[in-house]
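[1] Sequence and predicted structure below; questions after.
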Protein chains: 2
Amino acid sequence: MLQTVKATAKKVPGGLTVENEARGFKLIMDEPVEMGGTNKGMNPIEALLCALGSCQVIVASAFAKAKNFKFEECFVEVEGDFDPEGFMGNPDIRNGFQDIRFKVHFKTDEAQDKCEEFAEFMAQQCPVEDNLVNGVKVTRTSVVIDK
Amino acid sequence: MLQTVKATAKKVPGGLTVENEARGFKLIMDEPVEMGGTNKGMNPIEALLCALGSCQVIVASAFAKAKNFKFEECFVEVEGDFDPEGFMGNPDIRNGFQDIRFKVHFKTDEAQDKCEEFAEFMAQQCPVEDNLVNGVKVTRTSVVIDK
């Protein structure tokens, strides 16, 4: 059944700090000093990589039993190529990540081929990977002037 | 100049909790109890919406002066349509968000048309919106069995 998932991002006065909220959970984002921020938290593109990595790990945890895959530990290293010149206005350079790569680690007694197969399942099932790889319609529905 | 941005997502033993790290900043993600988690933090798709909203707000803060746009407050409400049945394995339903919408709020003396124009600039400049709208290559480079 279709659900509507919600979040709010609100500017904190001064600097570039943003206070996010989703389902009561708060999350501060900011930019490092060299990008003009005050470095109070990770920035949105780092949060995007965390969302991708976490999503893979949650799929692993949620489906291991059903897929008959046992592991003691799991972590995902994610990295993305980003050129700030795009964001700063150079029209020849992409604004977002140009490429994202990740590496899956397991502590497990399973064989390498079974680990590869399970990692492939994780990637196929992961909602965030789906949205990044295949894209998704994003619409600004309105611009509201609050009194 | 191309930069490599990095993040790590590590399973916390038991449940679905994930500890993320990027540039020293920690971020806990989890799923609500009804999705099998222990609700210790927002989930990855909520974090994805926060990344999108924050990115828009940071663009607003960073470029307002250059674009001669003044505002006292700015926040972005983001929502996405998500059907957990896709994630749970129904092949006819998309795993990720099916649609994402957002609303930009300003407290400002600027006119509505100038607010719309600035919001359009925010969207065009935003790295996270670029990656979601246009997609990005995501590659699993390896699956490592740690001892």
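    Nice, I can see it.
[2] What lies in contact with stretch A:99-112?
    A:49, A:52-53, A:56, A:69-81, A:115, A:118-119, A:122, A:132, B:136-147 (C-beta atoms under 8 Å, 6 or more residues apart in numbering or on different chains). For glycine as for every other residue, the C-beta is placed from the backbone atoms N, C-alpha and C.
[3] Return the subset of these lying in strands.
    A:73-81, B:138-145 (DSSP state E).
[4] Now do the domain split for chain A, please.
    A:1-41, A:44-134 (automatic domain parsing).
[5] Just the terminal-to-terminal distance for the last one.
    Okay, so that is domain A:44-134. Start-to-end span of domain A:44-134 (C-alpha to C-alpha, to the nearest Å) is 20 Å.
[6] quick one: average pLDDT of it?
    For domain A:44-134, mean pLDDT rounds to 97.
[7] Tell me how far that domain lies from the chain's centre.
    8 Å (C-alpha atoms, centre = their mean, to the nearest Å).
[8] is the longest helix belonging to chain A up against chain B anywhere?
    Identified as the longest helix of chain A according to DSSP state H is helix A:44-63. Yes. Counting by C-beta under 8 Å from any C-beta of the partner chain, contacts between helix A:44-63 and chain B involve A:44-62.
[9] thought A:D81 was touching A:R94?
    No. With contacts counted by C-beta atoms under 8 Å, A:D81 stays clear of A:R94, the gap being 9.4 Å.
[10] Compare those two (neighbour count), which wins?
    A:R94 (19 against 16; other C-beta atoms under 10 Å in any protein chain shown).
[11] Might you report the residue contacts of the more buried one?
    With C-beta under 8 Å, 6+ apart, A:R94 has these contacts: A:D83, A:G86, B:D130.
[12] try 7 Å
    Residues near A:R94 by C-beta atoms under 7 Å, 6 or more residues apart in numbering or on different chains: A:G86, B:D130.
[13] Next, it: secondary structure please.
    When classified by DSSP: H, G, I helix; E, B strand; the rest coil, A:R94 comes out as coil.
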